[in-house]
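Visitor: I would like the atomic coordinates for the input below:
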Amino acid sequence: MSAFTEQLPTLIGVILGALLSYGAGAFTERSNWRRTQAVRWDERRIQAYADYGAAAKVPVILCLRMARALKLTTLAATPLDLPEGKASLGAADDRRSQLFENLLLLGDAAVIDAARKWHETVTELEGTLDPDFDGEPEGFDQLYRRVGLARDRFYELARTQLQVSGLVSHD
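Guide: Below is the predicted model:
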């Protein structure tokens with residue numbers, strides 16, 4: 001037998017070892033890259049959800065305070081007159097709308113749908129402050145509770161997507 005044929009099994013072993021080593025390294029590197037990307041997007045998703053939640057809450061608080069001034073509810077401690085409140089409400093709605101764009105980019109379909117439903121209930125709540133609204137004070141309080149439930153649903157779905165354990169606290 002020639003020297004080459006005697007060393008052929010060794011050579012094949014070295015080549016296979018090099019290929020397997022390269023493959024394992026590439027697999028590990030790819031896994032690390034995917035994990036890093038997932039963490040990066042989760043961080044942005046968390047921020048988008050938190051920012052949207054905070055911005056979506058502002059019109060609710062303004063409505064509550066204006067409803068108190070109109071004697072539609074006793075839930076708010078500090079009344080807010082309608083002209084001042086309506087001006088603030090417009091700015092708050094603009095801010096919420098801007099932050100919704102991040103949600104559309106980063107959120108999953110269920111969270112986006114829950115955010116839309118939350119906003120729809122807030123829009124109904126805002127409608128109770130219209131001078132032509134013919135509802136009762138109980139109507140405002142019932143709508144306010146529905147807004148809270150819609151908000152809770154948004155956070156439940158967001159927490160599920162982000163794999164955050166625990167329950168949403170109700171305030």
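
Visitor: please count neighbours and contacts with C-alpha atoms only from this point.
Guide: Noted.

Visitor: which strands and helices sit next to the helix of greatest length in the chain?
Guide: As assigned by DSSP state H, the longest helix anywhere in the chain is helix 3-69. If contacts are counted by 3 or more Cα pairs under 8 Å, 6 or more residues apart in numbering; DSSP states H and E, helix 3-69 sits against helix 82-106, helix 109-127, helix 137-162.

Visitor: ok and the second one relative to helix 137-162, angle-wise?
Guide: For the pair helix 109-127 and helix 137-162, the angle between their directions (axes from the mean of the first three to the mean of the last three Cα atoms, to 10 degrees) equals 160 degrees.

Visitor: helix 109-127 - contacts with which helices or strands?
Guide: Judged by 3+ Cα pairs under 8 Å, 6+ apart, helix 109-127 is in contact with helix 3-69, helix 137-162.

Visitor: could you rerun that using 6 Å?
Guide: If you count contacts as 3 or more Cα pairs under 6 Å, 6 or more residues apart in numbering; DSSP states H and E, helix 109-127 packs onto helix 137-162.

Visitor: show me what the helix it packs on is packed against.
Guide: So helix 137-162, by 3+ Cα pairs under 6 Å, 6+ apart, packs with helix 109-127.
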